[in-house]
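Trainee: below: sequence and its predicted model.
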Amino acid sequence: MEDLVVGSLTIPATELEERFETSGGPGGQHANRSETAVRLRFQVKESSLPVEAREKLASRLGNIVEVSAGESRSQHQNREMARRRLAERIEEALVDPEQRKKTRPTRASADRRLIEKKARSEVKKQRRRPGIDD
């Protein structure tokens, strides 16, 4: 197994735990007897990644990241699919979300909100028993 390259980071193959299992589902004897499905596991805290990347991954994905692939009848294809999925999850977790810029509501939307509130208040007033004054 080769090292997994995720952006500018490289995860050594020794840190990836690969397990093969039967895929289940349709496929008859082949699916029941052949261990073609792949479960790929990566332990974040014990990895050799830089501290900043490890902390970011651990907070967003947890200590153990696990992906599986069993769609194909080929163990090799499932292996590649699992590696690709793991790389995508790690890459997505390392990207910082864009900071939201605070904005104020427009005058028109604030006016609209107040008009809607008044209308709703009127509807509720009409539902009250007669004789109740406010």
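Mentor: Nice, I can see it.
Trainee: average pLDDT for the host helix or strand of residue 126?
Mentor: Residue 126 belongs to helix 107-127 when assigned by DSSP states H and E. Averaged across helix 107-127, pLDDT comes to 96.
Trainee: can you spell out which helices and strands pack onto that helix?
Mentor: Applying 3 or more Cβ pairs under 8 Å, 6 or more residues apart in numbering; DSSP states H and E, we find helix 107-127 packed against no helix or strand. In short, each C-beta sits where N, CA and C put it, glycine included.
Trainee: name the element the residue nearest the centre of the chain belongs to?
Mentor: Centroid-nearest residue in the chain: residue 89, 7.1 Å away (criterion: Cα atoms, centre = their mean). Using DSSP H and E, residue 89 sits in helix 75-94.
Trainee: name the helices or strands packed onto that helix?
Mentor: strand 4-6, strand 9-11, strand 16-21, strand 37-43, helix 51-61, strand 64-69.
Trainee: residue ranges with poor pLDDT in this structure?
Mentor: Within the chain, the segments meeting pLDDT under 70 span 25-27, 31, 132-134.
Trainee: now do the buried residues in the helix holding residue 126.
Mentor: By 16 or more other Cβ atoms under 10 Å, helix 107-127 has no buried positions at all.
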